[in-house]
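Visitor: structure here, sequence nowhere to be found:
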């Protein structure tokens, strides 16, 4: 997007991504969201700082969750479980082949970016049908990861009325800098509820990773 924030400027810039009801345009919003996440991770160590919270995880259509959602979409089309879009019709419209020479489903399926680009070439009504199913599968992937406690949130800020360090030990010492990685066992108190939090602090890179253990 280029540099927009200038020294001594009168006011900060305001970016408003604009889309129409053409659902395929979310492909371009996804690119902006992904690049802002990368910018935040590179400049401040936190992915959410780049987009200032205006994008959600499902807005990034090029994540690992989107890859899994696309595989499930292809499987539903191949198995005939996506009734609005039969296999033959999908392959004819998009030019993407899901069927191997042996008649089974391909192992090397079309990549995500190619799928999104081919989607933009379809009629608006067909774009909406396919993308809505893809977006539903993507949301399910994210919700499943969150429920299982394996969703990658990046650097998080923990808030509580009180933190108490109960134990600490060094598990790694960087050979060149001498900085030490220390896991902490912390107890938090929030609204009368005590919770255990385990924290690993890597001093040599000034980052913290928090593992939710309650």
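Guide: Everything's here; your move. Note that the structure is a prediction, hence the values are computed from the model and not measured. Residues are numbered from 1 along each chain as shown.
Visitor: now do the lengthiest helix in the chain: which elements does it pack against?
Guide: Of all the segments assigned as helix in the chain under DSSP state H, the longest by residue count is helix 124-148. Applying 3 or more CB pairs under 8 Å, 6 or more residues apart in numbering; DSSP states H and E, one finds that helix 124-148 makes contact with helix 64-78, helix 112-119. C-beta coordinates here come from the backbone N, C-alpha and C atoms, glycine included.
Visitor: apply 10 Å and report the result again.
Guide: helix 26-43, helix 64-78, helix 87-94, helix 112-119 (3 or more CB pairs under 10 Å, 6 or more residues apart in numbering; DSSP states H and E).
Visitor: following that helix, which helix or strand comes up?
Guide: strand 162-168 (DSSP states H and E).
Visitor: give the partner strands of whichever helix or strand comes after that next one in its sheet and their orientations.
Guide: Once strand 162-168 ends, the next helix or strand along the chain (criterion: DSSP H and E) is strand 172-173. Looking at strand 172-173 with DSSP bridges, its paired strands and their directions are strand 180-190 (antiparallel).
Visitor: ok, back up a step: how far off helix 87-94 does the longest helix of the chain point, in degrees?
Guide: Interaxial angle of helix 124-148 relative to helix 87-94 (axes from the mean of the first three to the mean of the last three CA atoms, to 10 degrees): 110 degrees.
Visitor: buried residues in helix 124-148?
Guide: 126-127, 129-131, 133-135, 137-138, 141-142, 145 (16 or more other CB atoms under 10 Å).
Visitor: dump those residues to JSON lines, plus pLDDT.
Guide: Rendered in JSON lines, the data for the buried residues of helix 124-148 read as follows (pLDDT from 0 to 100):
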{"residue": "126", "pLDDT": "93"}
{"residue": "127", "pLDDT": "92"}
{"residue": "129", "pLDDT": "94"}
{"residue": "130", "pLDDT": "95"}
{"residue": "131", "pLDDT": "90"}
{"residue": "133", "pLDDT": "95"}
{"residue": "134", "pLDDT": "94"}
{"residue": "135", "pLDDT": "89"}
{"residue": "137", "pLDDT": "95"}
{"residue": "138", "pLDDT": "91"}
{"residue": "141", "pLDDT": "92"}
{"residue": "142", "pLDDT": "89"}
{"residue": "145", "pLDDT": "88"}
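Visitor: need the max-distance pair from those.
Guide: Set against one another by CB to CB, these have their most distant pair in 126 and 145, with a gap of 29.2 Å.
Visitor: that older thread, which one, of the helices and strands packed on helix 124-148, ends up nearest to residue 150?
Guide: Across the helices and strands packed on helix 124-148 (criterion: CB to CB), the nearest stretch is helix 64-78, sitting at 10.9 Å.
Visitor: just want the angle from that closest one to helix 87-94.
Guide: Calculated by the same axes, to 10 degrees, helix 64-78 forms an angle of 120 degrees with helix 87-94.
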